[in-house]
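A.B. asks: Give me coordinates for this.
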Amino acid sequence: MTIKGGRSAFTEGVIACGPTILGYWSIGFASGAIGAVSGFSVSEIVLLAAFLYAGSAQFLFYSLWAAGAGPAAVALAVLLVNIRYLLMSSYLARFFAGSSMMQKFVSGVLLTDETFGVAAQHAGRHGALPFRWMLGLNVAAYANWIVANVVGAMFAAVIPAGISHGLGFSLTAMFIGLLALNYFGSAQKRLEIVAMVVSGAAVLGTMGFLDVNVSILIATALAATICATALQMQARHGRTA
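C.D. replies: Sure, this is the predicted structure:
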């Protein structure tokens, strides 16, 4: 399958990953460095990066392990942090019409916050997500994440821990950029605003007495439910936001 300029859909997916590369490298480098400082070998860090493949969950894993938490507590905490990917995958599933179950599984299992943002923006513009495009996006992100973890682990001995922790600023900036791109590329801008307001209010209203990860999960589910209901009502009455 080829698209504009004669490039393949896979190549276009790899190119679309470009704006997120800095985030993967900064956080991946810090993750690998912290893993090495926590006593993990390079091979163990590579395996964790490859099979867990989640920045926040890896940081949590290292901190809990270093604190002496048991395997059950670590597994439960990681599950709680990563459960948001079920919601993200469910949202994107409707753009994979015609794809096989295996293609949907591969697309979902490699999904991250960054690739979700890029894919949601693409789906908003084109109304569909070609599997090969999504594969290119995911493979580029996956490869960069693993390599960044390896480089961070190898240079942990010469990079101060304070610098590794300080690299997180680029991920925050990238998320803000993805949010802005998703908003301006959306055909449902009023619903985008509703989602942002509802999720922000839910986090502020619950984070005082709930773990921040639980607050984010509640906010995501609440905003998604309200917006999905609004879309169904629009479709039913033939209106657009």
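A.B. asks: lowest-confidence helix or strand of this protein?
C.D. replies: helix 161-166 (a mean of 60; mean pLDDT, DSSP states H and E).
A.B. asks: Can you name every helix or strand that whichever strand or helix holds Ile216 contacts?
C.D. replies: Using DSSP states H and E, Ile216 sits in helix 212-237. If you count contacts as 3 or more C-beta pairs under 8 Å, 6 or more residues apart in numbering; DSSP states H and E, helix 212-237 packs onto helix 71-82, helix 84-93, helix 189-206. Every C-beta, even on glycine, is put in place using the N, C-alpha and C of the backbone.
A.B. asks: Just send the ones you listed back as CSV, with distance to Val214 and mean neighbour count too.
C.D. replies: Below are the helices and strands packed on helix 212-237 laid out as CSV (distance: least, C-beta to C-beta, whole Å; neighbours: other C-beta atoms under 10 Å):
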stretch, distance to Val214, mean neighbour count
helix 71-82, 7, 14
helix 84-93, 11, 16
helix 189-206, 7, 15
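A.B. asks: per-stretch mean pLDDT over those helices, give me the minimum one.
C.D. replies: Here the helices and strands packed on helix 212-237 differ in mean pLDDT, and the lowest is helix 71-82 at a mean of 78.
A.B. asks: Just give the closest residue to Asp211, not the sequence neighbours.
C.D. replies: In this structure, Asp211 finds its nearest non-sequential neighbour in Leu80, 7.8 Å apart by C-beta to C-beta, 6 or more residues apart in numbering.
A.B. asks: The one you found and Met101: what is the separation?
C.D. replies: 27 Å (C-beta to C-beta, to the nearest Å).
A.B. asks: Could you do Ala128 as well?
C.D. replies: Distance, Ala128 to Met101, using C-beta to C-beta: 17 Å.
A.B. asks: Neighbour count for these two, which is higher?
C.D. replies: Ala128 (14 against 8; other C-beta atoms under 10 Å).
A.B. asks: May I ask which helix or strand encompasses that one?
C.D. replies: With DSSP H and E as the test, Ala128 turns up in no helix or strand.
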